[in-house]
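**Student:** starting from these lines, generate the structure:
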Amino acid sequence: MISILLLSLAQDIVLPESVIVAPRASDSVTASVAKVSQVSGVELRATGERSLPRAIAKAAGVWVQETSLGGGAPVIRGLLGNQILVVVDGVRLNDSTTRYGPNQSLNMIDPAFVERVDLIRGANSIIYGSDAIGGVISIWTRRPSINPDDSVDLEVGLTAVGSSSGIQADTVYSGSAGGFGWIMGGAQASWGDLTLGGGEEQPFTGYESEGRFASLETALEKDRSLRFVARRHRDFDVPRTDKLYTGFGQSAPKNEDYRYSLQDRSGYLMTYTDEAAGGFADIFQLRVSLHTYVEERDKQKTGSDTTSFEQDDVRSVGVGGDWKLTAGGGHDLTLGFDHFADVVDSIRIDTDTITGTSTLRDGTIAPGAEYSSTGVFLQDELRDVGEWDVTLGARYTRYDFAFDEFGGGAHIEGDFDAFVASAEAAREIGEGTRLIGVLSQGFRAPNLDDLAQDGDWAGGTETHNADLQPEESLTAELVLEWSRRKYDASLAAFATQIDGYIGRILTDVGDPATTGDEEYLRINSGELTLTGLEYSARRYLGDGPFSLGVQAAYVRGRQHDENEASLDGVHARRIPPVFGRASLRYDTSDPEEKVEWSELSLVFAQEQDRLHPEDVRDPRIDPDGTDNWATLNLDVGGRINEAFDWNVGLHNILDERYRVHASGFDAPGFGLAFGLRGHF
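**Tutor:** Numbers count the residues shown, from 1 in each chain. Presented below is the predicted three-dimensional model:
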């Protein structure tokens with residue numbers, strides 16, 4: 001009955017092209033190109049990179065740290081993990097188990113199904129809530145076209161990457177019929193062990209993955225649409241590389257076995273958008289979502305006769321709504337709400353390899369774990385306040401959690417809340433020159449990974465703490481933008497202070513003659529300060545097809561702990577070195593040219609020896625610091641005919657042996673990447 005009703009409403013109605021993002025994600029009057037980088041799916045797929053994190057790093061100039069080939073954690077303004085928020089189609093991907101430090105979330109989005117990525121630098125908790133301290137990575141999946149005439153299209157893509165002896169293939173089938181538009185797709189990838197600079201092979205890196213995607217959209221009537229999205233991605237047998245080979249300061253690997261035997265992430269979304277709401281709002285959007293994530297790990301410590309199988313199962317239900325309206329007096333208002341509720345099941349099975357006896361135990365997350373959040377926000381954009389455009393915003397969010405203590409202990413319940421506000425102002429200070437000032441609060445609510453998780457850490461073990469409070473940040477930022485006929489540039493200076501920073505203290509040193517029996521406790525340890533500069537520019541050479549580009553980023557950080565004097569004033573953890581990119585690019589719009597674009601790039605990073613004490617103990621990081629490095633790369637692409645596009649990349653042409661700071665293995669050596677995409 002519902003399908004018949006939708007079909008009758010959809011007849012002869014064309015979906016407006018303007019419905020692309022959630023109202024809360026639209027640019028404000030004070031938006032800045034220094035803060036927001038947009039990269040299309042076409043640009044991402046043309047990078048020749050094997051994963052979405054690496055493609056974003058290359059296309060948007062972001063530092064990405066990889067603990068394993070199946071991961072990839074963007075570092076934005078010195079922060080990563082659960083201090084960076086990942087959003088897909090307006091719905092947060094971070095859940096109640098997203099951990100501090102590197103994780104696999106972004107790697108589990110297939111580039112073949114991405115329409116666009118918005119990289120937002122700096123605090124954005126007003127709009128997005130918790131975790132958006134360092135920045136937001138907002139991913140928009142591909143949407144079908146709804147045409148008056150029925151149509152069917154087939155797209156087939158293939159990417160081969162020599163440095164990882166891997167291949168990725170995808171098929172996307174799309175069409176329009178009877179007022180409906182649809183997309184269905186599948187992707188498959190197989191990656192071998194990585195080849196490093198100099199030709200050495202890095203063991204424990206290869207894995208396989210598969211992804212599925214579907215999107216159905218219909219125009220209910222003029223300016224109203226309904227969209228359904230389903231996606232699933234699975235990784236199989238991803239090695240935790242840094243645990244399986246001898247790292248810095250180690251005489252042997254910590255583990256004989258450490259694999260993510262399964263990483264299975266699914267997302268389901270229904271979005272209703274009304275661009276002719278009238279009355280209270282000009283635009284309204286409602287989103288209802290379901291996310292599931294299953295992670296299975298196989299572990300065996302070196303020298304141990306016990307193997308462990310661990311499984312975490314996360315189910316998250318969400319609902320959110322946005323209204324956007326033009327009010328009197330030059331006010332453009334955006335207001336919204338969001339609610340998410342997570343349920344987590346976690347188990348561990350230990351097996352004695354000698355006797356074959358298996359024992360069921362509590363997992364890394366305490367049993368009976370639940371976590372929920374409810375938030376509301378308001379943003380007001382004002383034009384021409386004097387000579388300034390102004391954006392003001394505020395958000396309130398409440399959190400509730402519950403779990404049973406490990407080992408059949410007491411039932412624990414708790415709650416906390418967060419209130420944040422922000423102000424931005426922008427004005428023209430000269431022809432083609434714009435000044436933007438930002439003062440923004442942010443926060444990261446402690447999640448179940450903090451409140452209810454016991455596990456391995458820093459060679460020892462850590463215990464949970466149900467009394468934690470949210471991290472609270474304040475960011476001040478000043479941005480200059482220049483826009484000329486043949487020259488565009490931006491310079492951003494920022495300073496961030498995080499109070500109540502969630503860190504760890506050593507509670508038990510264990511046996512001094514034994515390593516690996518230390519115990520740590522998570523606490524709101526003190527203050528973290530970060531300062532930095534970001535610069536980006538592109539110069540067009542005459543009226544021809546060539547341009548020069550440069551990007552560079554600098555960040556410094558200090559940690560000031562109130563509870564442990566030895567960590568007062570130390571360098572912040574995992575801070576990237578000064579890094580950047582310079583490029584010479586060729587672009588042509590001539591349809592007769594077989595080579596439509598090419599880019600010669602130099603990617604570089606300075607030495608990083610400003611290490612936190614935990615960095616010095618981290619087997620992924622050289623205690624003397626990570627050496628400086630530079631790679632030369634050439635990427636070329638074009639069109640064979642109307643049906644086929646191609647791209648070829650020569651990456652790390654000089655075959656340099658180097659490591660991206662804090663990664664779990666050295667970076668790829670020289671590699672040939674080839675991509676071919678057909679449209680039928």
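**Student:** for residue 30, see how far away residue 427 is.
**Tutor:** To residue 30, residue 427 is 9 Å away according to CB to CB, to the nearest Å. Every residue, glycine included, has its C-beta placed from N, CA and C.
**Student:** common neighbours of these two, please.
**Tutor:** Common neighbours of residue 427 and residue 30 (criterion: CB atoms under 8 Å, 6 or more residues apart in numbering): residue 389.
**Student:** neighbour-wise, which of those two wins?
**Tutor:** In this view residue 427 and residue 30 are compared by other CB atoms under 10 Å, and residue 30 has more residues nearby, 23 against 17.
**Student:** now the strands for the stretch 151-300 of the chain?
**Tutor:** For the stretch 151-300 of the chain, strands defined by DSSP state E, counting those that start in this stretch occupy the ranges 151-161, 166-177, 180-191, 194-195, 201-202, 207-221, 224-239, 255-274, 283-301.
**Student:** where does the stretch 251-400 of the chain dip in pLDDT?
**Tutor:** Of all residues in the stretch 251-400 of the chain, those with pLDDT under 70 make up the ranges 277-278.
**Student:** how about a cut-off of 80?
**Tutor:** In the predicted model, the stretch 251-400 of the chain carries pLDDT under 80 at residues 276-280, 328.
**Student:** and if you look at the chain?
**Tutor:** Applying pLDDT under 80 to the chain picks out residues 1-22, 101-103, 147-149, 221-222, 276-280, 328, 455-460, 509-518, 562-567, 591-592.
**Student:** and if we set it to 50?
**Tutor:** 1-20 (pLDDT under 50).
**Student:** now the helices for it?
**Tutor:** All helices of the chain, identified by DSSP state H, fall at 2-10, 41-45, 52-60, 125-128, 241-244, 448-451, 613-617.
**Student:** and of the ones you listed, who's closest to residue 534?
**Tutor:** In terms of CB to CB, the element of the helices of the chain nearest to residue 534 is helix 52-60, at 11.5 Å.
**Student:** dump that closest one to CSV, keeping only the CA atoms.
**Tutor:** Only the C-alpha atoms of helix 52-60 are listed here, as CSV (Å, rounded to 0.1, in the frame of the first residue of the first chain):
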residue,chain,number,x,y,z
LEU,A,52,39.4,6.6,1.4
PRO,A,53,41.8,7.9,4.1
ARG,A,54,44.7,8.0,1.8
ALA,A,55,42.7,9.5,-1.0
ILE,A,56,41.5,12.3,1.3
ALA,A,57,45.1,12.8,2.5
LYS,A,58,46.3,13.3,-1.1
ALA,A,59,43.4,15.4,-2.4
ALA,A,60,42.9,17.6,0.6
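**Student:** about what we covered before: mind putting the strands of the stretch 151-300 of the chain into a markdown table with mean neighbour count and distance to residue 616?
**Tutor:** A markdown table is the format used below for these (neighbours: other CB atoms under 10 Å; distance: least, CB to CB, whole Å):
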| stretch | mean neighbour count | distance to residue 616 |
| --- | --- | --- |
| strand 151-161 | 17 | 33 |
| strand 166-177 | 18 | 34 |
| strand 180-191 | 20 | 31 |
| strand 194-195 | 24 | 26 |
| strand 201-202 | 16 | 23 |
| strand 207-221 | 20 | 30 |
| strand 224-239 | 20 | 25 |
| strand 255-274 | 20 | 21 |
| strand 283-301 | 19 | 23 |
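**Student:** the ones you listed into JSON lines, with extra columns for distance to residue 595?
**Tutor:** Output for the strands of the stretch 151-300 of the chain, formatted as JSON lines (distance: least, CB to CB, whole Å):
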{"stretch": "strand 151-161", "distance to residue 595": "19"}
{"stretch": "strand 166-177", "distance to residue 595": "23"}
{"stretch": "strand 180-191", "distance to residue 595": "27"}
{"stretch": "strand 194-195", "distance to residue 595": "28"}
{"stretch": "strand 201-202", "distance to residue 595": "33"}
{"stretch": "strand 207-221", "distance to residue 595": "31"}
{"stretch": "strand 224-239", "distance to residue 595": "33"}
{"stretch": "strand 255-274", "distance to residue 595": "38"}
{"stretch": "strand 283-301", "distance to residue 595": "41"}
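**Student:** so which of those strands gets nearest residue 540?
**Tutor:** Evaluated over the strands of the stretch 151-300 of the chain, closeness to residue 540 peaks at strand 151-161, with 29.9 Å, by CB to CB.
**Student:** show me what the closest one is packed up against.
**Tutor:** Secondary-structure packing of strand 151-161 (3 or more CB pairs under 8 Å, 6 or more residues apart in numbering; DSSP states H and E): strand 166-177, strand 671-679.
**Student:** isn't residue 437 up against residue 477?
**Tutor:** Yes: using CB atoms under 8 Å, residue 437 is in contact with residue 477, at 7.2 Å.
**Student:** neighbour count for these two, which is higher?
**Tutor:** Here residue 437 and residue 477 are compared on neighbour count by other CB under 10 Å; more neighbours surround residue 477, at 24 against 16.
**Student:** strands along the stretch 551-680 of the chain, start to end?
**Tutor:** Ranges of strands in the stretch 551-680 of the chain, per DSSP E, counting those that start in this stretch, are 570-571, 579-587, 595-605, 629-639, 644-651, 671-679.
**Student:** can you redo those as JSON lines with mean neighbour count and distance to residue 409?
**Tutor:** Shown next, in JSON lines, are those (neighbours: other CB under 10 Å; distance: least, CB to CB, whole Å):
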{"stretch": "strand 570-571", "mean neighbour count": "18", "distance to residue 409": "35"}
{"stretch": "strand 579-587", "mean neighbour count": "17", "distance to residue 409": "46"}
{"stretch": "strand 595-605", "mean neighbour count": "18", "distance to residue 409": "47"}
{"stretch": "strand 629-639", "mean neighbour count": "18", "distance to residue 409": "49"}
{"stretch": "strand 644-651", "mean neighbour count": "19", "distance to residue 409": "52"}
{"stretch": "strand 671-679", "mean neighbour count": "18", "distance to residue 409": "51"}
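**Student:** got those strands as a markdown table, with distance to residue 431 columns?
**Tutor:** Output for the strands of the stretch 551-680 of the chain, formatted as a markdown table (distance: least, CB to CB, whole Å):
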| stretch | distance to residue 431 |
| --- | --- |
| strand 570-571 | 42 |
| strand 579-587 | 26 |
| strand 595-605 | 30 |
| strand 629-639 | 35 |
| strand 644-651 | 38 |
| strand 671-679 | 41 |
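**Student:** what's the closest non-adjacent residue to residue 106?
**Tutor:** Spatial nearest neighbour of residue 106, chain neighbours left out: residue 53 (4.8 Å); criterion: CB to CB, 6 or more residues apart in numbering.
**Student:** same question but for residue 64, I mixed them up
**Tutor:** Nearest one to residue 64, counting by CB to CB, 6+ apart, is residue 57 at 4.0 Å.
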